[in-house]
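**Q** Just the structure for this:
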Amino acid sequence: MMYQPPVAQILLAMRSAGGPAVEDAEAILNEAARFAGDRIAPLNRVGDQHPARMVDGDVMTPPGWKETYAEWCAGGWNGLTGPAAYGGQELPMVLVAATSEMWNAASLAFSLCPLLTTGAIEAINAHASEALKQRYLPKLISGEWTGTMNLTEPQSGSDLSGLRCKAKRNNDDTYRITGTKIYITYGEHDWSSNIVHLVLARLEDAPQGTKGISLFLVPKILPDGTRNDLRCHSLENKLGIHGSPTCSMVYGDRVGATGWLIGEENRGLNCMFTMMNNARLLVGVQGVALADRAMRAAFAYARERRQGRGESGEVAAIIEHPDVKRMLMDMRVKTAAARMLCMATAAAIDSGDRPRASLLTPLAKSYATDVAVEVTSTAVQVHGGMGFIEDTGVAQYYRDARILPIYEGTNGIQAIDLVTRKLGLEHGETLSSVLQQAATSIVAVTDTVLVDDMRALAKMVPLAAATPFLRALAATVAAGYLADAMLMARGGALEAEAQIDARYFIAAELPSALAAARAAMAGAEWLAEQEMSQV
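**A** As a prediction, the model looks like this:
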């Protein structure tokens, strides 16, 4: 099935989320949709069947990818949010989220490289010296060079306190970096003449733990044109996103890789979080993208596949069967809810409302990526035996989606962050404001008062129930945004669709999420007493 981006639905989500008005937004999205559908989408299957590979130490991406990336950059897509002073367009995050959904739905593996480059641009612009900005930002923004972030090490994953990569001061303004990093997306590839790595490392006299970590800019090619002392050691063999090279990187085989400090010594995590927070939102958008593509494939198949008898007694398309209708509706409303959460988070970033953006980010990342796994799995189910066959394509969506709840901070970590840090923002006023907005919107379209249940659940959340609590809070907030979209769509082409999405989600998904959170809280005390190593 040819991919056709849902421009109208994305525009409605942008507007109902309260994002800033973007001049010519529809024209921009239509052009992005054309490029995503015509140029990137055909690469998706190619990348899955012809994974990135190493040839004599160089990493080669799938056929056609390098050329399409060059076209994408020539269209100016890489610099949407980059600072204007260095060649960027400084467009709002809601538009970046909207176009990002299209790129990722067309091919998640292809789109991972630009996502990391966007994050590198943000971190360098926010924290690097003016000299580094002048040297690196113009080429990163144009896409001539690409960026990565290097956090994970073999012994240090989500907990960075055990990080061992070392940095040593030179006699000038540079540092010598040595160590190994793993799971580095597009750490080496054939798209660009230079790759700018942002690397977390520890100075010899640094404090122990996360307080002793610094951030360094370590380019593949040094300013004098020589090759830096770094290399890709190997590529990972993965469940999905085969076209994207996931690299093990070695720094300092010989004399040490040359790097420049970003920000202050021993405050690297502060800088890196600039890059990671927006990356978490865009990972949520990746979840929306895969869910939407899988959902549309399932609808198309269900309309065409004739199996069993319908109410008339004649052989019918499976879309007429009640259980299939339930699955399709479940897929559709969860995808719409995830899109609304991501757009609302982007709008909060654009408005400068940092507390609201901080609260919504773990909701958007976790809910949308969990939904991606659920919806792509359901798409396989709707296809029946054909879904388990690679030829239909939905098996790839399922495999690709499975990484999303894991990287950029596992969803369990997002839930703990929500419960321990985000619920108390502004002494709880941020949460109260978000819930009140949801309550007002929901009551405007239904007679439900389930938001009161959410307020009660939020008073004390044990960590064992953090994940289902996050799901319940995300569903509550998303229900409010879906209600807003329903009201905004009145009189338009999407009125019926928006009304069904809001009413069905509030009637089915919201009570289910709240019930799961209540059940998890009831079992949390019992769970804490169990010795799981005995099982």
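
**Q** Find the centremost residue of this protein, please.
**A** V283 (0.4 Å; C-alpha atoms, centre = their mean).

**Q** wait, what's in contact with it?
**A** By C-beta atoms under 8 Å, 6 or more residues apart in numbering, the residues touching V283 are 365, 369, 404, 407-408. Glycine gets a C-beta too; all of them are placed from N, C-alpha and C.

**Q** Pull out the buried positions in the strand or helix carrying it.
**A** According to DSSP states H and E, V283 maps onto helix 268-304. Neighbour-count burial for helix 268-304 flags 268-269, 271-272, 274-299, 301-302 (criterion: 16 or more other C-beta atoms under 10 Å).

**Q** what does stretch 78-85 give?
**A** Neighbour-count burial for stretch 78-85, counted by 16+ other C-beta under 10 Å, picks out 78-83.

**Q** possible to save these as CSV with pLDDT?
**A** Formatted as CSV, these follow (pLDDT from 0 to 100):
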residue, pLDDT
N78, 94
G79, 91
L80, 92
T81, 86
G82, 92
P83, 95
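
**Q** ok, these vs V22, which is closest?
**A** The nearest member of the buried residues of stretch 78-85 to V22, counting by C-beta to C-beta, is L80 at 10.5 Å.

**Q** for the closest residue in space to that closest one that isn't next to it in sequence, what are its contacts?
**A** Spatial nearest neighbour of L80, chain neighbours left out: L91 (4.7 Å); criterion: C-beta to C-beta, 6 or more residues apart in numbering. Contact analysis of L91 by C-beta under 8 Å, 6+ apart lists 22, 80-81.

**Q** Tabulate the residues you listed (TSV), appending secondary structure.
**A** Converted to TSV, the contacts of L91 look like this (DSSP: H, G, I helix; E, B strand; the rest coil):
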residue	secondary structure
V22	coil
L80	coil
T81	coil
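
**Q** quick check, nearest of the residues you listed to A317?
**A** Relative to A317, the closest of the contacts of L91 is V22; by C-beta to C-beta it sits at 39.2 Å.

**Q** which element is the spatially closest residue to that closest one that is not a sequence neighbour on?
**A** Setting aside the residues directly before and after it, V22 is nearest to L95 in space (C-beta to C-beta, 6+ apart), at 5.2 Å. When elements are assigned from DSSP H and E, L95 belongs to helix 93-106.

**Q** Extract the CA atoms of that helix and return them as CSV.
**A** Taking Å, rounded to 0.1, in the frame of the first residue of the first chain, the C-alpha atoms of helix 93-106 are listed here in CSV:
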residue,chain,number,x,y,z
MET,A,93,8.3,22.6,17.3
VAL,A,94,4.7,21.8,16.4
LEU,A,95,5.7,22.0,12.8
VAL,A,96,8.8,19.9,13.4
ALA,A,97,6.6,17.3,15.1
ALA,A,98,4.1,17.4,12.2
THR,A,99,6.7,16.8,9.5
SER,A,100,8.7,14.4,11.7
GLU,A,101,5.6,12.1,11.8
MET,A,102,5.6,11.9,8.0
TRP,A,103,9.3,11.2,7.7
ASN,A,104,9.1,8.5,10.4
ALA,A,105,6.0,6.9,9.0
ALA,A,106,7.7,6.8,5.6
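
**Q** Go through the helix or strand following that helix and flag the buried ones.
**A** The C-terminal neighbour of helix 93-106 among helices and strands, as given by DSSP H and E, is helix 108-127. By 16+ other C-beta under 10 Å, the buried positions in helix 108-127 come out as 108-125, 127.

**Q** just to revisit the earlier point, the residue nearest to V22 contacts D24, correct?
**A** No. Using C-beta atoms under 8 Å, L95 is not in contact with D24, being 10.1 Å away.

**Q** neighbour count winner among the two?
**A** Using other C-beta atoms under 10 Å, the more surrounded residue of L95 and D24 is L95, with 23 against 9.

**Q** And the strands in the stretch 1-150 of the chain, which stretches?
**A** 53-55, 58-60, 146-150 (DSSP state E, counting those that start in this stretch).

**Q** CSV for these, including distance to V250?
**A** What follows is the strands of the stretch 1-150 of the chain, written out as CSV (distance: least, C-beta to C-beta, whole Å):
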stretch, distance to V250
strand 53-55, 13
strand 58-60, 14
strand 146-150, 11
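
**Q** Out of those, which one sits most buried?
**A** strand 146-150 (a mean of 26; mean count of other C-beta atoms under 10 Å).

**Q** Quick one: mean pLDDT for whatever helix or strand comes next after that one?
**A** Next helix or strand after strand 146-150 toward the C-terminus (DSSP H and E): strand 166-169. Mean per-residue pLDDT for strand 166-169: 97.

**Q** for stretch 260-279, same thing?
**A** Stretch 260-279 shows a mean pLDDT of 88.

**Q** same thing with stretch 417-429?
**A** Computed over stretch 417-429, the average pLDDT equals 96.

**Q** Residues in contact with it: which ones?
**A** With C-beta under 8 Å, 6+ apart as the test, stretch 417-429 has contacts from 355, 358-359, 362-363, 409, 430-431, 458, 461, 463, 466, 469-470, 473.

**Q** Ends of it, what's the gap?
**A** 17 Å (C-alpha to C-alpha, to the nearest Å).

**Q** same question, stretch 84-103
**A** End-to-end distance for stretch 84-103, by C-alpha to C-alpha: 23 Å.

**Q** now do stretch 53-71
**A** Distance across stretch 53-71, first residue to last, is 22 Å (C-alpha to C-alpha).

**Q** contacting residues for W77?
**A** By C-beta under 8 Å, 6+ apart, the contact set of W77 is 32, 35, 99, 103, 114, 143.

**Q** ChimeraX command for the buried members of the residues you listed?
**A** To isolate the buried ones among these in ChimeraX, judged by 16+ other C-beta under 10 Å, type:
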select :32,35,99,103,114,143
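
**Q** In a markdown table, list the contacts of W77 along with distance to M454 and pLDDT.
**A** Shown next, in a markdown table, are the contacts of W77 (distance: C-beta to C-beta, whole Å; pLDDT from 0 to 100):
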| residue | distance to M454 | pLDDT |
| --- | --- | --- |
| A32 | 35 | 97 |
| F35 | 40 | 97 |
| T99 | 32 | 97 |
| W103 | 34 | 97 |
| P114 | 36 | 95 |
| G143 | 43 | 97 |
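
**Q** Looking at the contacts of W77, which one is closest to G480?
**A** With C-beta to C-beta as the yardstick, the closest approach to G480 among the contacts of W77 comes from T99, at 25.0 Å.
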